[in-house]
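K.L.:
The following comprises the amino acid sequence and a computationally predicted model.
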Amino acid sequence: MRIEEMIAAVQQTLGVEVDGKAGPQTWGAIYARLVGKKIDRMEPSAAISPVDARSEKVIATLLPQVRPIARALVQKAAVAGITIRVISGLRSYEEQAALYAQGRTAPGKKVTNARAGYSNHNFGIAFDVGVFEGNRYLPESPKYKAVGALGMDLGLEWGGNWKTIVDQPHFQLRPAWAADESESQMLAELRSRKDHGEAVYA
(Lines give C-alpha, C1' and ligand atoms only; values in the text may rest on other atoms or scores of the structure.)
Protein backbone atom coordinates (compact mmCIF):
# COMPACT_ATOMS: atom_id res chain seq x y z
CA MET A 1 0.00 0.00 0.00
CA ARG A 2 1.33 3.44 -0.95
CA ILE A 3 1.77 6.07 1.79
CA GLU A 4 -0.86 8.29 0.14
CA GLU A 5 -3.36 5.43 0.32
CA MET A 6 -2.55 4.90 4.01
CA ILE A 7 -3.07 8.58 4.76
CA ALA A 8 -6.33 8.61 2.76
CA ALA A 9 -7.59 5.60 4.73
CA VAL A 10 -6.75 7.35 8.02
CA GLN A 11 -8.47 10.52 6.83
CA GLN A 12 -11.60 8.59 5.86
CA THR A 13 -11.72 6.93 9.28
CA LEU A 14 -11.23 10.28 11.04
CA GLY A 15 -13.93 11.97 8.95
CA VAL A 16 -11.70 14.71 7.52
CA GLU A 17 -11.15 15.73 3.90
CA VAL A 18 -9.61 12.80 2.03
CA ASP A 19 -6.71 13.98 -0.13
CA GLY A 20 -3.85 11.64 0.79
CA LYS A 21 -1.80 14.53 2.24
CA ALA A 22 -1.05 14.75 5.95
CA GLY A 23 -1.67 18.47 6.53
CA PRO A 24 -2.72 20.29 9.71
CA GLN A 25 -6.34 19.12 9.50
CA THR A 26 -5.28 15.48 9.43
CA TRP A 27 -2.68 15.84 12.18
CA GLY A 28 -5.20 17.81 14.25
CA ALA A 29 -7.76 15.04 13.87
CA ILE A 30 -5.15 12.43 14.87
CA TYR A 31 -4.23 14.54 17.90
CA ALA A 32 -7.87 14.90 18.91
CA ARG A 33 -8.49 11.15 18.53
CA LEU A 34 -5.40 10.12 20.52
CA VAL A 35 -5.17 12.90 23.10
CA GLY A 36 -8.86 13.66 23.24
CA LYS A 37 -8.82 17.35 24.04
CA LYS A 38 -8.91 20.76 22.47
CA ILE A 39 -6.01 23.22 22.64
CA ASP A 40 -6.85 26.58 24.18
CA ARG A 41 -10.53 25.74 23.48
CA MET A 42 -9.80 25.39 19.76
CA GLU A 43 -9.74 22.45 17.40
CA PRO A 44 -6.11 21.22 17.15
CA SER A 45 -5.75 22.08 13.44
CA ALA A 46 -6.77 25.68 14.21
CA ALA A 47 -4.47 25.94 17.24
CA ILE A 48 -1.18 26.11 15.33
CA SER A 49 0.82 28.91 16.92
CA PRO A 50 0.92 32.29 15.17
CA VAL A 51 4.10 33.09 13.26
CA ASP A 52 5.80 36.46 12.68
CA ALA A 53 3.69 39.63 12.66
CA ARG A 54 4.27 40.39 8.97
CA SER A 55 3.09 36.95 7.92
CA GLU A 56 0.12 37.01 10.29
CA LYS A 57 -1.15 40.26 8.78
CA VAL A 58 -1.31 38.55 5.38
CA ILE A 59 -2.54 35.19 6.72
CA ALA A 60 -5.53 37.02 8.23
CA THR A 61 -6.72 37.81 4.68
CA LEU A 62 -6.90 34.11 3.74
CA LEU A 63 -9.87 31.80 4.21
CA PRO A 64 -9.90 30.03 7.60
CA GLN A 65 -9.15 26.67 5.97
CA VAL A 66 -5.91 28.01 4.50
CA ARG A 67 -4.56 29.88 7.53
CA PRO A 68 -3.28 26.90 9.57
CA ILE A 69 -1.54 25.47 6.51
CA ALA A 70 0.20 28.79 5.78
CA ARG A 71 1.40 28.90 9.41
CA ALA A 72 2.50 25.26 9.22
CA LEU A 73 4.57 26.03 6.11
CA VAL A 74 6.39 28.90 7.83
CA GLN A 75 7.09 26.65 10.81
CA LYS A 76 8.19 23.64 8.72
CA ALA A 77 10.56 25.85 6.76
CA ALA A 78 12.06 27.19 10.01
CA VAL A 79 12.69 23.63 11.23
CA ALA A 80 14.52 23.04 7.92
CA GLY A 81 16.64 26.14 8.56
CA ILE A 82 14.84 28.38 6.05
CA THR A 83 13.25 31.67 7.06
CA ILE A 84 10.17 32.55 5.04
CA ARG A 85 7.46 35.15 5.42
CA VAL A 86 3.97 35.14 3.89
CA ILE A 87 4.07 38.32 1.81
CA SER A 88 0.90 38.23 -0.32
CA GLY A 89 -2.57 36.81 0.25
CA LEU A 90 -6.07 37.86 -0.78
CA ARG A 91 -6.30 40.32 -3.66
CA SER A 92 -9.34 42.21 -4.81
CA TYR A 93 -10.31 42.11 -8.47
CA GLU A 94 -9.07 45.70 -8.73
CA GLU A 95 -5.65 44.78 -7.31
CA GLN A 96 -5.42 41.83 -9.68
CA ALA A 97 -6.30 44.03 -12.66
CA ALA A 98 -3.52 46.45 -11.72
CA LEU A 99 -0.99 43.60 -11.54
CA TYR A 100 -2.17 42.23 -14.88
CA ALA A 101 -1.70 45.67 -16.46
CA GLN A 102 2.02 45.68 -15.56
CA GLY A 103 4.08 45.17 -18.70
CA ARG A 104 0.98 45.54 -20.83
CA THR A 105 -0.73 48.91 -20.38
CA ALA A 106 1.27 50.04 -17.32
CA PRO A 107 5.02 50.35 -16.64
CA GLY A 108 7.02 47.40 -15.36
CA LYS A 109 7.56 43.80 -16.36
CA LYS A 110 4.83 41.18 -16.65
CA VAL A 111 4.29 39.47 -13.31
CA THR A 112 1.08 37.53 -13.94
CA ASN A 113 -0.98 36.01 -16.74
CA ALA A 114 -4.10 36.16 -14.57
CA ARG A 115 -6.73 38.80 -15.19
CA ALA A 116 -9.10 39.89 -12.44
CA GLY A 117 -11.14 36.89 -11.33
CA TYR A 118 -8.66 34.46 -12.87
CA SER A 119 -6.22 34.22 -9.95
CA ASN A 120 -6.67 32.03 -6.90
CA HIS A 121 -5.50 35.04 -4.87
CA ASN A 122 -8.89 36.63 -5.64
CA PHE A 123 -10.65 33.97 -3.54
CA GLY A 124 -8.46 33.78 -0.40
CA ILE A 125 -7.08 30.32 -1.18
CA ALA A 126 -3.60 31.35 -2.40
CA PHE A 127 -0.59 33.03 -0.88
CA ASP A 128 2.98 33.94 -1.79
CA VAL A 129 6.03 33.56 0.42
CA GLY A 130 9.41 35.24 0.45
CA VAL A 131 12.71 33.69 1.52
CA PHE A 132 14.71 35.85 3.91
CA GLU A 133 18.25 35.89 5.26
CA GLY A 134 18.02 38.01 8.38
CA ASN A 135 15.92 40.98 7.26
CA ARG A 136 17.03 40.69 3.63
CA TYR A 137 14.41 39.46 1.17
CA LEU A 138 15.72 37.07 -1.49
CA PRO A 139 13.60 37.26 -4.65
CA GLU A 140 15.59 34.34 -6.06
CA SER A 141 17.11 31.46 -4.13
CA PRO A 142 17.42 27.67 -4.47
CA LYS A 143 15.65 27.56 -1.10
CA TYR A 144 12.32 28.21 -2.88
CA LYS A 145 12.47 24.68 -4.31
CA ALA A 146 12.94 23.24 -0.81
CA VAL A 147 9.99 25.29 0.47
CA GLY A 148 7.97 24.07 -2.52
CA ALA A 149 8.54 20.46 -1.47
CA LEU A 150 7.48 21.28 2.10
CA GLY A 151 4.31 22.96 0.85
CA MET A 152 3.34 20.05 -1.37
CA ASP A 153 3.89 17.73 1.58
CA LEU A 154 1.22 19.77 3.41
CA GLY A 155 -1.23 19.29 0.53
CA LEU A 156 -0.64 22.66 -1.14
CA GLU A 157 -0.27 23.18 -4.87
CA TRP A 158 3.00 24.91 -5.75
CA GLY A 159 3.48 27.51 -8.48
CA GLY A 160 6.97 26.16 -9.09
CA ASN A 161 5.34 23.29 -11.01
CA TRP A 162 3.55 25.60 -13.43
CA LYS A 163 4.45 25.52 -17.13
CA THR A 164 3.70 29.08 -18.30
CA ILE A 165 4.88 31.57 -15.68
CA VAL A 166 6.78 29.52 -13.10
CA ASP A 167 5.94 31.10 -9.74
CA GLN A 168 8.07 29.50 -7.01
CA PRO A 169 6.80 31.76 -4.17
CA HIS A 170 3.15 30.80 -4.87
CA PHE A 171 1.05 28.23 -2.99
CA GLN A 172 -2.67 27.46 -3.12
CA LEU A 173 -5.10 25.09 -1.43
CA ARG A 174 -7.36 23.41 -3.98
CA PRO A 175 -10.89 22.64 -2.72
CA ALA A 176 -11.81 18.95 -2.60
CA TRP A 177 -14.66 19.49 -5.09
CA ALA A 178 -12.08 20.66 -7.66
CA ALA A 179 -9.77 17.64 -7.32
CA ASP A 180 -10.49 16.41 -10.84
CA GLU A 181 -11.09 19.79 -12.46
CA SER A 182 -8.72 21.82 -14.60
CA GLU A 183 -7.46 25.15 -13.32
CA SER A 184 -9.81 27.02 -15.66
CA GLN A 185 -12.82 24.93 -14.54
CA MET A 186 -11.98 25.53 -10.89
CA LEU A 187 -11.59 29.27 -11.42
CA ALA A 188 -14.93 29.46 -13.25
CA GLU A 189 -16.63 27.76 -10.30
CA LEU A 190 -14.81 30.04 -7.84
CA ARG A 191 -16.05 33.12 -9.72
CA SER A 192 -19.57 31.73 -9.67
CA ARG A 193 -19.41 30.99 -5.95
CA LYS A 194 -18.05 34.47 -5.23
CA ASP A 195 -20.82 36.06 -7.31
CA HIS A 196 -23.48 34.08 -5.43
CA GLY A 197 -21.93 34.44 -1.97
CA GLU A 198 -21.32 30.70 -1.65
CA ALA A 199 -18.58 29.08 0.42
CA VAL A 200 -15.41 28.07 -1.42
CA TYR A 201 -14.76 24.86 0.52
CA ALA A 202 -18.36 23.67 0.99
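P.N.:
Yes, it's here.
K.L.:
how about the helices in this protein?
P.N.:
3-14, 24-35, 53-59, 67-79, 93-101, 143-153, 183-195 (DSSP state H).
K.L.:
If I average pLDDT within each of these, which one is lowest?
P.N.:
Note on the helices of the chain: helix 24-35 shows the lowest mean pLDDT, a mean of 78.
K.L.:
name the helices or strands packed onto that helix?
P.N.:
helix 3-14, helix 67-79 (3 or more C-beta pairs under 8 Å, 6 or more residues apart in numbering; DSSP states H and E). Every C-beta, even on glycine, is put in place using the N, C-alpha and C of the backbone.
K.L.:
Show me the one of those that comes nearest Asp128.
P.N.:
Closest of the helices and strands packed on helix 24-35 to Asp128 is helix 67-79, at 10.4 Å (criterion: C-beta to C-beta).
K.L.:
Can you tell me which of the helices and strands packed on helix 24-35 is most buried?
P.N.:
Of all the helices and strands packed on helix 24-35, helix 67-79 carries the top mean neighbour count, a mean of 20, counting by mean count of other C-beta atoms under 10 Å.
K.L.:
How about residues contacting it?
P.N.:
23-25, 28, 45-46, 48-52, 55, 59-60, 62, 83-86, 127, 129, 146-147, 150-151, 153-156, 171, 173 (C-beta atoms under 8 Å, 6 or more residues apart in numbering).
K.L.:
In the protein, which residue is most central in space?
P.N.:
Nearest to the mean C-alpha position of the chain, by C-alpha atoms, centre = their mean, lies Gln172 at 3.6 Å.
K.L.:
My understanding was that that one contacts Val129; is that so?
P.N.:
No - under the criterion of C-beta atoms under 8 Å, Gln172 makes no contact with Val129, lying 11.9 Å away.
K.L.:
how many neighbours does the closest residue to Gly28 other than its chain neighbours have?
P.N.:
Nearest non-adjacent residue to Gly28, counting by C-beta to C-beta, 6 or more residues apart in numbering: Ser45, 3.0 Å away. If you count neighbours by other C-beta atoms under 10 Å, Ser45 ends up with 23.
K.L.:
how close does Ser45 get to Glu133?
P.N.:
Taking C-beta to C-beta, to the nearest Å as the measure, Ser45 falls 31 Å from Glu133.
K.L.:
Beta-bridge partners for Val129, please?
P.N.:
Bridge pairing for Val129 (DSSP bridges) gives the partners Val86.
K.L.:
Go ahead and confirm it touches Ala146.
P.N.:
No - in this structure Val129 lies outside contact range of Ala146 using C-beta under 8 Å: 11.7 Å.
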